Each structure stands twice: as structure tokens, then as C-alpha cells.
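In: next comes the sequence, and after it the predicted model I'd like to discuss.
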Amino acid sequence: MHTGEKRHEEVKLSVINYDEVNFQEKTINSIEEVFSFRREPSITWLNVDGVHQPEIIEQVGKSFGLHPLVAEDIASTGQRPKMEDFDDYIFVVLRMLMFDEKENETKTEQVSILFGRDFVVSFQERADGDVFDPIRERLRSNKGKIRKMGADYLAYSLIDAIVDNYFVILEKLGETIEDVEDKLVTNPTSETLHKIHDLKREMIFLRKSVWPLREVINKLGRSESELINASTCVYMRDVYDHTIQVMDSVETFRDMLSGMLDIYLSSLSNRMNEVMKVLTVISTIFIPLTFVVGLYGMNFRHMPELEQTWGYPAILILMFAVALLMVVFFRRRKWM
Amino acid sequence: MHTGEKRHEEVKLSVINYDEVNFQEKTINSIEEVFSFRREPSITWLNVDGVHQPEIIEQVGKSFGLHPLVAEDIASTGQRPKMEDFDDYIFVVLRMLMFDEKENETKTEQVSILFGRDFVVSFQERADGDVFDPIRERLRSNKGKIRKMGADYLAYSLIDAIVDNYFVILEKLGETIEDVEDKLVTNPTSETLHKIHDLKREMIFLRKSVWPLREVINKLGRSESELINASTCVYMRDVYDHTIQVMDSVETFRDMLSGMLDIYLSSLSNRMNEVMKVLTVISTIFIPLTFVVGLYGMNFRHMPELEQTWGYPAILILMFAVALLMVVFFRRRKWM
Amino acid sequence: MHTGEKRHEEVKLSVINYDEVNFQEKTINSIEEVFSFRREPSITWLNVDGVHQPEIIEQVGKSFGLHPLVAEDIASTGQRPKMEDFDDYIFVVLRMLMFDEKENETKTEQVSILFGRDFVVSFQERADGDVFDPIRERLRSNKGKIRKMGADYLAYSLIDAIVDNYFVILEKLGETIEDVEDKLVTNPTSETLHKIHDLKREMIFLRKSVWPLREVINKLGRSESELINASTCVYMRDVYDHTIQVMDSVETFRDMLSGMLDIYLSSLSNRMNEVMKVLTVISTIFIPLTFVVGLYGMNFRHMPELEQTWGYPAILILMFAVALLMVVFFRRRKWM
Amino acid sequence: MHTGEKRHEEVKLSVINYDEVNFQEKTINSIEEVFSFRREPSITWLNVDGVHQPEIIEQVGKSFGLHPLVAEDIASTGQRPKMEDFDDYIFVVLRMLMFDEKENETKTEQVSILFGRDFVVSFQERADGDVFDPIRERLRSNKGKIRKMGADYLAYSLIDAIVDNYFVILEKLGETIEDVEDKLVTNPTSETLHKIHDLKREMIFLRKSVWPLREVINKLGRSESELINASTCVYMRDVYDHTIQVMDSVETFRDMLSGMLDIYLSSLSNRMNEVMKVLTVISTIFIPLTFVVGLYGMNFRHMPELEQTWGYPAILILMFAVALLMVVFFRRRKWM
Amino acid sequence: MHTGEKRHEEVKLSVINYDEVNFQEKTINSIEEVFSFRREPSITWLNVDGVHQPEIIEQVGKSFGLHPLVAEDIASTGQRPKMEDFDDYIFVVLRMLMFDEKENETKTEQVSILFGRDFVVSFQERADGDVFDPIRERLRSNKGKIRKMGADYLAYSLIDAIVDNYFVILEKLGETIEDVEDKLVTNPTSETLHKIHDLKREMIFLRKSVWPLREVINKLGRSESELINASTCVYMRDVYDHTIQVMDSVETFRDMLSGMLDIYLSSLSNRMNEVMKVLTVISTIFIPLTFVVGLYGMNFRHMPELEQTWGYPAILILMFAVALLMVVFFRRRKWM
């Protein structure tokens, strides 16, 4: 059922339980602990790092009364971003972007967020995603109004953290694009072409993650579910604006990359043409001259010019004149 | 009336009759047997393998009280996926994808599904489509909740099986695309071009099958027909999400193939340019030298250089120097 | 007022009058005869072959109480397909496709259909359009349910005949495209290019006829006019499905032709490159050799090699070795 | 405030006052005369030729009680076609096309039409627009039903005249396109390219005028204003159909021009390739032969062939054979 | 929180307080002064030049009771144009275009406008934006009806000033495009290509600013907020028309630039082809001639022609004839 890469680490479960006054944080080993730990009317956030153990997802499903399809969607990690309202809880699938320094590539990871009246459950593929750390910090330190608001606000904060992370990736891509553009002007190589191609490809994948995201967040912002407060809706619409901005940037990058490909191809052909032109000019000057020297290399008995003392210098001067004339002609036509 | 390829095998009719408790499976010879066999209030699934015998489709039509156009649509196998609600039954036309190992090509086959309150009739073009076998198995072994649900759930299961099969085909195509992309980098030949072209063409056909599918399944998911249970609707929307994912992949593949065509063409031209450049450089070095040797091949009586003992070695050194200078010049301009 | 090609033949008027029991068919000379001939409550179908005599269209207009703009639209034959509901009658303009064998080209002709409660009037530009003959035959022989249904069903049958004829044309075009594609692989000539261009152009025109058709037939299928029976609506939606299929095919053909153009251009350039490569290789091998023979053609007095008996064979062997080395080098780099 | 080209002629004001029985036509000097002249319940049509005198537009604005923005829109001649309903009057801005014979270019001019219950005011940029003359003639001669209908019908007639004029321009452009296409086949020059480019550019501008027009006329046809009679709406929808037809033609022309550009480029490259091929073939045949003659031009003392009587004819025959073989080889490979 | 470029100047606060009778203008140092200064029922316009001091924006936020997200949006200057209705006030983000003479580039700046029943607050990134000066002047001199209308009309005036400024930028770009187009015909260089590329890029950014603007102003024009008067709505729709016009121009420029790129590439290739053609023709003429002179440079003992007195002149005439024939042949085929 799990469709992503096989992984062997332990699935990490961590719970945060908070209300305006209290705050508890704990790493647990089995799902049952969540409920022993939970205390009404506080809000519980269960974060699951790793979706490669279906039995854990199943347990979560049973504990929170989830639809069997939800568990399936959490486990199969190639999901398209989507939002589904199951009355008692809202299920959101998003894609988180990460820049893999080793392979110099942008990677995506599926993040599933479930939230009801007093709980939020989040699933990440890997444990190393630290985009949620600032939120944990805000919860711990009771900064801002996050502990005064409901589960919907926590869900919003998680989504906002993911979307804000997109800007980091986009900035990195923007810098790479500018680097490549600089190289395009100074020294275009076939490597530049492959770099443009790779960036175009990354844009295709980015777009695939971002387009449905827009729809998902729009749905959340305009939702009529009782689980989302009117005051949170304003925040959701703000995330929506950010998503549109991300999309705009992706489209702009795509347009820029297309333009760069055109520039690359035409500057390549420009350079080749220049090479060919100079070389051909050289050949063309020497071909008639070679004919002339061949002419006086003929062995006819009666070639009066050959007998004259002035013959050799005359022919040298003639050839020099011809070469000069051709150079002048090429210069005029701007072929040299 | 039948518009597909002419075929001569027998049309195979198989019936499954089930409810939560009972299960019967039988291969029958004529449509009448279905009804003798059927037992209220169980659900009957009639599967017809082969649509090349119009009289059988007509009999099914009469037995289940179908509109004449439905029979026509089942028989003409070039139909576009569609869904029509006839109040008493819902008629769905889909396209199943199969990978033909012999011709190394993706083929499509029309599958028509009819379902009412307590029956499902499915028509396949060929008998070798085994995508429904897992469903038969689940019915036999009473695994999952399939035997507890109605005819609409069975119809959903059939549609889900078809759509899930799309992912298999897409994965195969994705692998082929990656193979071709590797070849593109290491050794692009005109065969690579034809492969890209063939893949692009397959994408055109895939797209033609998938785009209308989306609409069909959306309609099913949002249908207000009494034949589809609210609980089944959730499942239908899940299939819908899968369809969108299939479409996304097809579009991504199309974009990737377009990019690959660009890369192919520019790497081809790159390689050609390189060949031309090296060859032209060689010619250009030797052309002036050939002029020089021609010069001293002239038969003028008075050519003082020719008489000198140092003439020959001097001219050899001169030519070597000229060649060297040209090589240095070409190197500097990065033409070599 | 008539905007098509000028024509001189007589306009042909033919009337069919039928109900479930009776059937009469007659060629008439003036419009008045229609009404003497008509018998309540039967349905009258007046077919007019030729729209180049405005007075006849005007007479029809007066007799059936048509809006002056309708008569204008019938006569000006460059109309875009459209459907207009005038309460008492519905006015439909379609384009019929014909393959002109002489000019090897697809041509279009305007067909206008008017239908009310008990009459259908159809206008064709030319008399040679026999797509309506099967309908006449069905009326004569009382096959199917056409004589049991109303004027709307007759109108549907006419429209269906026109749309079905599109498939015939599309099949012909599909075959031509496959022929051209075969030639593309075996022997691409500039004629192939012109053929692709012509096909692309035909697609532009086909598209122009088919796109609005879709809208027209959709409107008919979803019409709330009292003139169209609910039972006929199902048939209209069936024609609608066919129209979508036609559009799909046109779009697929367009995509295929674009791909073929790319293939043509790149295979052309591929072939040219191959020619250039082989020829340049030959030149490049002989240019250094020509330099060598020129070298020993020089007339310096002191060229010790020339005096040796082994000079000539040695130089021959040397040149052979150089040529061989170059061939090996070119082979390695895959330039030969 | 006036944004068009500066002009110095007098603004020409002409009024037509009509009802079913009466008809008066007059050229006036100041706006006040309109009202002295106007007679209830007849319809008044004020036509203003020239919008470069803001004071006149202001006077019209005051006399007819117009919104200040309307006067502004009339004076600034770069307006996009639009329609605005101000309850008491409807304001329509259109673009009229004219073919400028001198500059061989299509030009556009802004026409503003205002109409209320019993008046129509039209503004043209230049006095030479005679597209309204046929309407004046119909009013004078009381032909058709124009004098029996209201101000909305007159407004419709003006709009219809403008849209019908588009077809004239399109026909001219269509002829030019066909001319260029013929030249493309027989003798493509760089002038042909510039012609295609110019036509493409004209299409861009045409499109800019026509696209918003569609929306404007659709709005008029579906308007719920009391100023537009139900019977006039039918006519408006007819103009709408014409607009769509114009748009279709513009799009078709665009597609055709794109195809022509492709054909131009590939036929150019085809021709160049042919030149290069023949020339290269010639060079390639002579290069080995030149090597051979160079070989026997060497001055080695011991070259046995040179001493033989048969040497010269033998080498001639050999060279002829080599040349022949190469020609045969090139012919086979279809390079010649 | 502030995301734009770091800046160190002081933030400039200026307040204008006006009603039909009174007018006061003042530069203030802290937000509190606004309220001491404000006098009911007049309208207050607070203009803030500089958004790099978050504490000032925060103070404004508190003073006018703004949502925390609004303050955030004002400070982060990469916002997409948007409009949000917060019941008590409307928040609009726009982008102002400026032409940077130094860098010869179009730049954008974020302008945020807030307006309620009796106040308008505008934020600019830089103090040098003088597009609002004419509005200040109109307020001071009580020209037009601006002092008779509400805060919504002032907001409209600010937006209108920004949009009108777009036309100035577009005109500048249009002139640059025409300059480049002229150069394209007379002397296309690689600099022309880079200019086209830069213009295309500017269009991408312009488009990004203008597209969302359209939506924003449409929303304002159709808003049902009580803060916007019905009479102001007409003006808003007028700005909307201008925005559409701006968008049309941007799209037209994009289309023109694409066409120019095509022209550039094909004229470049045209020119290169011409060079290659002439040069190749020259080579091709001399290659056979060089063969001939080589032929008579051979050292065979028995070459009868060499002995004849007429040999040399005969061969000269022959070569001249061959050259002439080739020139004629090339001329006929139009290769020269």
C-alpha cells in the first residue's frame, strides 16, 4: 500500500497538547498514548514522521475515526495536493519542497494534514523536515496568538509554513537562473543547454505541485465547514495570495527559461556562423592564388612569361594585388 | 453496426450472482440463463467478452430494457468515454489501456459498463483483459466490503480497476521516456528521434482517452442519481483524483518529450557543428601551405630562391611556422 | 443577396408528406403546390436543392412565416453553423463536407434546416448531395421508427446524416495522413512538405466548420423548446457525442501533422548533414595529401629526397599511411 | 483631452430628423440648431465628423445630458470597443476599418454611437467615412422598414454597416494572402518574408479591434435595457453572428500565415541546401583528381611511370574512371 | 518583516485634510498628529513615503484598526496586486511602474491604498513618486469635483493616476520597439537580439503586474461595499477599461516581439546563406581550373600538347571558356 521509496527507520510519533494556559510535549511509542495524554478541552497535535509503516497509519485511522480511503491516501506518497471535507474532520494533502544539496535538485515530499475540532494530525515522509520547528517554538513560548486560537489556526500555520518554504526554493532557483543567464552571455556551452533543460524540467515538476495547491487552499479559504472559523478564513486567503504569487513566479521562470533557450540556440548559431565565415574567407582568398601558381607550374614549352626576368616579381605583385582586392571586397560587404 | 476489428471467436458470457451470504459463478451460453439464475435480492454481474456479435448485445438490450442507442454505442468500439444517466440504469463507456508486447505499443479497448439497482453488465472487446480478475477474487473470497455494498460499488470497483491499470501503463511509458532521455545524452541517433516522435504520438492518443474520462468520473461522483449511494460517491471522488493524477502525468510527459525534442535537435546540430569546425580548420591550415608549395613549383627561369641551398629548408621552416601560428590563433578563438 | 458561387441550374423542389400510415413523394415546381399537397396531421418535408434563386427562398419564407433574417442567412452561403429558436420554428445552419475527387480537396456546403411542429424544410447548395437518400429510403420503406416520430426526429435524422458523413471524410483524411507519414520515413521530398501544409490547411477549415457545430447541437440537445420532444433529446445528445468525437479527431490530426512537420524538417536536415559530412571527410583527407605532392613538385635545386631512388615509393607509402590514419581517426569519432 | 492625430479641418455636423411620414436633412453649424430643428415624436440622428474639437463634444454632452466620462471617451481616439448602459442612453464605441490605398495598409478609426429613446448621435474621426451613406439613402427613400422602427434600429443599422465593412477589408486581406502564397511556391524572396510579417502584424491589430467587438455586440443583443426593442434584439444577434464570422476569419488567416512562415523558412533552407549540395559535389569530384595530377607533377628522379609512353593516356583514363565512379556513387545516394 | 531593498532615509508622513470648504496640508512626524489634526466631517488623506520602518506601519495599523495581515502585506513589497474588503475599510495593493533612466529599465514599486468612510491612507516605497502630485494640486485648487466627493473618489483618483502612468511607460516601450524594428530591417546585429530579449523580459514582468490589476479593479467596480458610492463605480469601470487597454497593448507588444525574433533569426540566416553562396561559387569555379593547370604541370615525358606552340594559349582559352560557362550556369540557377 505504501508507494514511496522503501525506508527502514522507525516512525517517529510526537504529540503536543496545548491550550491558552497549558503546554505539554512528548515523544510517544504507540498511538494509544495520545489519548491517555490528551486532556479536554485542550488541542492535540500529533505529528507522524514516516508513512512507510501502514499499521501505524491504520491505528491513527481507527483512533480518529477516519475513512479507509484517507489512510490509503496518506500511505501512497505520489498524491496530488487535495482537500476533502469529511464533516468531522478536514483532510489536506500538500507537497513540501526541499532542496537536496547532494544531488543539487529540488525534491518534493508529501505532507498530509488532518484536523478536527480539537486535534491536528500531520504526516511527513521524512523526519528531517524542520519547517514545523518555528511553529513548535511559537507554541512552547506562547508567542503570537497561536495558543489562543483553535485547531484550524494550527492547521493554517502548518500550511503557511509549507507555502512560505516554497519562496525559499524559488529564490534559490531564481539565483540559479540568473547564474545561467550570465553564462549565456559570456560563454554559452552545451553544459549551459543541459542546465536550462534541467531547470525547465524542475519547473514542470514544481508547476505540477503548485497548480493543484491553489485550488486546495482556495477551497479551504472559502470553506463553509464549521471546523474553520471565520477569523481563520482571512488567514487562509492570505496563504492563497502567497500560492498565487508562487504560481506567478513559476510561470515567469518558465517564460524566462524559454527565452533563454532561444538566446542560447541563436548565439550558438551566431558563433558557428562567425567561425565558418572567417575560415571560408581565408580559403576563398587562397583558391584563386593557388590557381595562378599552378598556371605557371605548367610544363608547356612555349610560355613566354616564364622566360622573362620580370616574370616572377610581376606575378608576385599581381597575386598580392588580387588578395588585397578580395580583402577590400569582403570588408565592404562586412563579411570579415 | 460493429465498427471495430472483425473477430471470429465466440462471445463469452459469465455471470456472478452474490449477496452478503451467497455467491454463485457460471459461464452461460444465452442471455436467458441469466434470469433463471438470478435470485432476488442478490446482485447480478454479467460480463460479456466480445462485442462483435450484435445479436447478443441486442438480446442484453431487450432483457435489461435498454435504449436502442446504448446497444449501438456498445457495438461501435471507437466511442469517446462518456456517462449517461437513463434513470433506471447508468451507462458508462471507458477506454482500457493495454501494452501490446508484440508491437511494443499501447493499445486501447472500449469497456462499457451498465449498472442499475441490482445488476451490473460489463462489455469488453477481448477476453484477455484480466484487470477484473482481482475483483472476481474479492467477490469469491468475500474480502473487503464489496459483497456488503450495492451494484454501484461493484461498478465503482470495475472503473477503479481500469483507472488503476492506467498507472501501470504510465509507469512503463515513464521508464521508456527515461531510457530515451539517457540515450539522448550519450548517443543521439535518428532512431532516438523516431522514438520521441512515437512517444509523442502515444501521448496524443492517451490524452484523447483520459481527458473525457475525467469528465465522466466527475459526473459519476457528483451524480444525483438514486442508483449511486452517498457512501459510494466518496469512492468515486477518489477515482476522480486518480484520473486527475493520470492527466497530470500525461501532460508532464508531453512537456518532457517536447523538451527532449529540443535537446535532440540542438545536440544534433551541436555535433554537426563540431565536425564541420574541426574539418574546416584542417582545410584552412593546408590551403595557404598548398599555395606556398605551388608558388615554388612555378617554372619561371629567374626565381633566385630556388637556386639557394638554404631555399628548401627555409621554406619548410616557414610553412611550419605559418601552420603553428594558425593553430595558435584558432586555439585562442576556441575554434579548435 | 446570394453570396455563393453563381449557378444556373434550376432550383429543385421535392416534397415528402408522411405519417405512420401514408407516404407521398413529389417533385414540385412552385411553393404553392406544397400546401395543396399537404394533409393534416401528416408531416411535410420540403427539400430545396439550390439557394441561388432568392425569389424561391423568399416564397418559402412567406409561406412558412419566417423572419426576414432567416431568408438572408439561407441565401448567403458563408454562414457559420448556428441554431436559432424562433418559438414557432427552429432554424439550424450546418456545413456539409464533401470530398471533391477532381480537385482532391475537401469542400464544404451550407445546409439550412428549418423545422416546426409538422414540417421540415431543408436547403442544400447543390443537388448532388445524396447524404439524405438513406433517410428518404427509410421513410419510403417505413423502416425503423422514423415515420412514428415527429418533425423533430426527421430534423435529427438529417443532422445525424450530415455529422455521420464527417466520419467518412475524416477516415479519408486519416488515410492520406498515414500515406504521407509513410513517405516521410521512406523518402521525404519537398512535395511531402506541401502535402503536409495542404493537410494542415484543410484541418484549419475543418475545424472552423466543426467547432461551432458542437455548440449548435449542444443547444439543440438541451433546448427547452416545445418543438423538441424529450425522447428526441436523447438522440440529439448522441449526435452531440459524435460531434465531440469529430472534434477530437480533428485535433488529433492537427497534433499529428505538427509532429510530422517537425520530423520532416529534422530528417531533411539530418540527410543534408550526412551528405555534407561524407563529402567534407573526402575533401579533408585529400587536402593534406595534395599539399605533400605539391611539396615535392617544388623546383628547388637542393632537395635531397628527390635524388633518392627510394624517394617516390617512400612518399607514396607515407601518403597512404596519413590517409589511413585520418580514416581511422574519423571512424573513431563516428564522422564516417 | 483629444488623443488622436491633430487635425485642422472644421468639424462637420449633420442632422437627420425622421419618422414614418416626414424626413428632413440639414448641415448645421452649432449644436443648438439640433433642438430647434427637432420635432417630436420623430427620431433625430446627429452625425459629427471629427472629434478634435473638444468644445463641440462638450456641447453635445451638455445638450444630451451625458456623463463627463462619455465625452472623454469620445475625444480620446485610442479606445477599446465597449458598450455602457447609462439607463437614459446607451454608449457604444466601435472601431471602423479602412484600407488606406496610399500606404497599402489597413487603418482603424474610432466611431462612437450614442442612442436614447428618440435620438442617435454618431461621432467619426474623419469626414471621408462613407459607410453610413447607404443608411442615409434608405432613410431618404424610405426603403425597408428603417423609418418605421425606433432609434435602436437606426443604431443597429450603423453598427451593422461598420461590421459589414469588415468583410470588405477581410476579402482584400484574403486576396493579398493568396497572392503571397502563390509567390511562396513560385519564387520566395526576403520580400515575401517581410510581406508575411506585415500581414501577421495587421492580423494582430485586427484581432485587437474585433475581439472586444464581440463582447460589445453580445451585450447589446442580450441587453435588458428598455431602449432596445425585443424585435431589434434579433437583428443585434445577427450582427453578433457576423462578428463571430469576422473573428473566425481573422483566426484562420493567422493560422494560415503561421503555416506560410514555416513553408517559407523550410523552402528557403531547401533551396540553400540544394545549392550547397551541387557545389560540394563538384568540389569533391575534383579534389582527388587534383591530388593525382599533383602526384605526377612531383620532381622525383626515379618515377618509372613518367618515362612510359602510355603513362599520360593511362593516367587520363584512370582519372576519367575515378570521376565517373564518383558521379555514379553520388547519383545512387541521390546527392546529385 | 520588510522584504524590499534596505533603505535608510526617513519615512515621510504627509496629511491632507479637506472638505468642500476647507483644506489643510501638513508634514507630520508621528502618527498621533494625524488625529489631533483631523476634523470631522472632513476627509483625511495620509500619505506614507517609505515602508521600511515596520514600527510606523504598525502604528498606522493600530490607529486605523487594521488587521495584522494588512500591515504585513504593506511591508513586504513583493505583493501581487490585490483587493480585500474588510467591511470597515478596503485594502488595495497595486504596482506602480517607473522608467529608471539610469539603468534604462522599467521598475515597479508597490503602492498600498487603504480607504474607509472618511480616510485614505496610501503607502509608497519611495518618496520620489510624483504621480500623486496632480491630485494634490486638484485638491489644493479645488478644481473638478474631487473635494465634493467622498474618500472613495480620492482612492479612485489615486488608482487612476497609477493606471494612467502605465500608458506613459507603454508609449516609451512602444517607441523602443519601433526603434528596434527599424534596426532589424537596416542592420540586424547580435545586440538587436539582446534588445529584443530584454524587451520580451520586460513584457513578462509588465504582464505579471497588469494581469492581477485587472481583477482588482473589476472587483472594485462591481463591489457591493457600502464604502463605494454608486457614482464612483462608473469611474472605477472607466479605470477598468483602461486596464484592459493596457493589457491589450502588452499582449500586442508580446506578439510583435515574437514576430521580430522570427524576422531576426531568418534575416540572419538569410545573410549568412548569401555569404556562403557567393564564396562557394568562387571556390567551385576555381577548383576545376586548378585541376587543369595541375594536369599540364605533370612531368610525363610523352605529353604531346606540351610541345605545341599553340598549347599554352589554347589551354588559357579553354579555361576561360569553362569559367564563363560555369558563371552562366550559376547565373541561370540564380545562385549568383
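Out: That came through, no problem.
In: give me the neighbour count for the closest residue to residue A:40 other than its chain neighbours.
Out: Distance criterion CB to CB, 6 or more residues apart in numbering or on different chains; nearest residue to residue A:40, sequence neighbours excluded, is residue A:118 at 7.6 Å. Every residue, glycine included, has its C-beta placed from N, CA and C. For residue A:118, the number of neighbouring residues by other CB atoms under 10 Å in any protein chain shown comes to 14.
In: which helix or strand contains the closest residue to chain D within the stretch 201-336 of chain A?
Out: Nearest residue of the stretch 201-336 of chain A to chain D (CB to the nearest CB) works out as residue A:297 at 6.9 Å. In the assignment (DSSP states H and E), residue A:297 maps to no helix and no strand.
In: how about it, phi and psi?
Out: As for residue A:297, its main-chain torsions (degrees, to the nearest 10) stand at phi -100, psi 0.
In: need the nearest residue in space to residue A:244, chain neighbours excluded.
Out: residue E:80 (6.0 Å).
In: quick check: that neighbour touching residue E:110?
Out: No: counting by CB atoms under 8 Å, residue E:80 stays clear of residue E:110, with 9.7 Å between them.
In: so the nearest residue to residue A:154 once chain neighbours are set aside bridges to which residues?
Out: In space, and not counting its chain neighbours, residue A:154 is closest to residue A:120: 4.9 Å by CB to CB, 6+ apart. Legend: beta-bridge partners of residue A:120 under DSSP bridges are residue A:45, residue A:115.
In: hmm, who's touching stretch A:308-318?
Out: A:292, A:296, A:305, B:298, B:300-303 (CB atoms under 8 Å, 6 or more residues apart in numbering or on different chains).
In: so which bits of stretch A:56-68 are buried?
Out: A:56-61, A:64, A:66-67 (16 or more other CB atoms under 10 Å in any protein chain shown).
In: for the record, mean pLDDT for that stretch?
Out: Taken as a whole, stretch A:56-68 has a mean pLDDT of 90.
In: give me the element residue A:108 is part of.
Out: strand A:105-115.
In: put the alpha carbons of that strand into CSV.
Out: C-alpha atoms of strand A:105-115 as CSV (Å, rounded to 0.1, in the frame of the first residue of the first chain):
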residue,chain,number,x,y,z
GLU,A,105,18.0,19.1,-7.2
THR,A,106,14.6,20.1,-5.8
LYS,A,107,12.7,17.2,-4.2
THR,A,108,9.1,17.0,-3.1
GLU,A,109,7.7,15.2,-0.1
GLN,A,110,4.0,14.5,0.7
VAL,A,111,2.6,16.1,3.8
SER,A,112,-0.9,15.1,4.9
ILE,A,113,-2.7,17.2,7.5
LEU,A,114,-5.9,16.2,9.2
PHE,A,115,-7.7,18.5,11.5
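In: output the set of residues of the stretch 101-250 of chain A in proximity to chain B.
Out: Counting by CB under 8 Å from any CB of the partner chain, the stretch 101-250 of chain A comes close to chain B at A:190, A:193-194, A:197, A:200-201, A:204-205, A:208, A:212.
In: which members of the residues you listed occur in helices, if any?
Out: The helices, defined by DSSP state H, take in A:190, A:193-194, A:197, A:200-201, A:204-205, A:208, A:212 from these.
In: where is pLDDT lowest across those?
Out: Lowest pLDDT among these: residue A:190, with 79.
In: residue contacts, that one?
Out: Counting by CB under 8 Å, 6+ apart, residue A:190 touches B:267, B:270.
In: any idea how far it is from residue A:196?
Out: 11 Å (CB to CB, to the nearest Å).
In: re earlier: next, the residue nearest to residue A:244: secondary structure please.
Out: Using DSSP: H, G, I helix; E, B strand; the rest coil, the structure places residue E:80 in coil.
In: what about the residue in chain A that chain C sits nearest to, how many neighbours?
Out: Nearest to chain C, among the residues of chain A, is residue A:297, at 6.9 Å (CB to the nearest CB). Using other CB under 10 Å, residue A:297 is surrounded by 26 other residues.
In: just confirm it contacts residue D:297, I think it does.
Out: Yes: if you go by CB under 8 Å, residue A:297 and residue D:297 touch, sitting 6.9 Å apart.
In: name the residues contacting each of the two.
Out: Among the neighbours of residue A:297, those also in contact with residue D:297 (CB under 8 Å, 6+ apart) are B:297, C:297, E:294, E:297.
In: can you select the buried ones among the ones in helices among the residues of the stretch 101-250 of chain A next to chain B for me in PyMOL?
Out: Buried subset of those, written as a PyMOL selection, criterion 16+ other CB under 10 Å:
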select buried, chain A and resi 193+197+200+201+204+205+208+212
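In: quick one: the strands in the stretch 151-300 of chain A, in order.
Out: Secondary structure of the stretch 151-300 of chain A, counting by DSSP state E, counting those that start in this stretch: no strands present.
In: so for stretch A:24-35, what gets flagged as buried?
Out: Neighbour counts over stretch A:24-35 (16+ other CB under 10 Å) mark A:31, A:34 as buried.
In: show me what that stretch is in contact with.
Out: Residues from elsewhere that reach stretch A:24-35 (CB under 8 Å, 6+ apart): A:12-18, A:37, A:44, A:46, A:56, A:59-60, A:63, A:136, A:140.
In: kindly check the end-to-end length of that stretch for me.
Out: 13 Å (CA to CA, to the nearest Å).
In: ok, now stretch A:77-94?
Out: 10 Å.
In: flag the shaky bits of chain A, pLDDT-wise.
Out: Scanning chain A with the threshold set as pLDDT under 70 gives A:1-8, A:127-129, A:336.
In: which parts of it are helices?
Out: So, for chain A - with DSSP H - the helices run A:32-37, A:54-64, A:68-75, A:133-141, A:151-186, A:190-221, A:230-295, A:304-307, A:311-332.
In: adding distance to residue C:225, write those out as a markdown table.
Out: Below are the helices of chain A laid out as a markdown table (distance: least, CB to CB, whole Å):
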| stretch | distance to residue C:225 |
| --- | --- |
| helix A:32-37 | 63 |
| helix A:54-64 | 53 |
| helix A:68-75 | 44 |
| helix A:133-141 | 60 |
| helix A:151-186 | 50 |
| helix A:190-221 | 37 |
| helix A:230-295 | 43 |
| helix A:304-307 | 102 |
| helix A:311-332 | 77 |
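In: out of those helices, nearest to residue C:100?
Out: helix A:230-295 (41.5 Å; CB to CB).
In: let me know the angle separating the closest one from helix A:190-221.
Out: 160 degrees (axes from the mean of the first three to the mean of the last three CA atoms, to 10 degrees).
In: which non-adjacent residue is nearest residue A:282?
Out: Residue A:282 sits nearest to residue B:284 (CB to CB, 6+ apart), 5.3 Å away.
In: same question for residue A:22.
Out: Using CB to CB, 6+ apart, the closest residue to residue A:22 is residue A:42 (6.2 Å).
In: doesn't residue A:20 make contact with the one you found?
Out: No: with contact defined as CB under 8 Å, residue A:42 does not reach residue A:20; the gap is 9.1 Å.
In: could you identify the most distant pair in the residues of the stretch 101-250 of chain A next to chain B?
Out: The largest separation in those, counting by CB to CB, is between A:190 and A:212 at 35.0 Å.
In: and residue A:39, how many neighbours?
Out: For residue A:39, using other CB under 10 Å, the count is 12.
In: that one and residue A:17 touch, don't they?
Out: Yes: between residue A:39 and residue A:17 there is a contact under CB under 8 Å: 6.3 Å.
In: hang on, the earlier thing: against residue D:163, how distant is the residue nearest to residue A:282?
Out: The value you get for residue B:284 to residue D:163, if CB to CB is used, is 64 Å.
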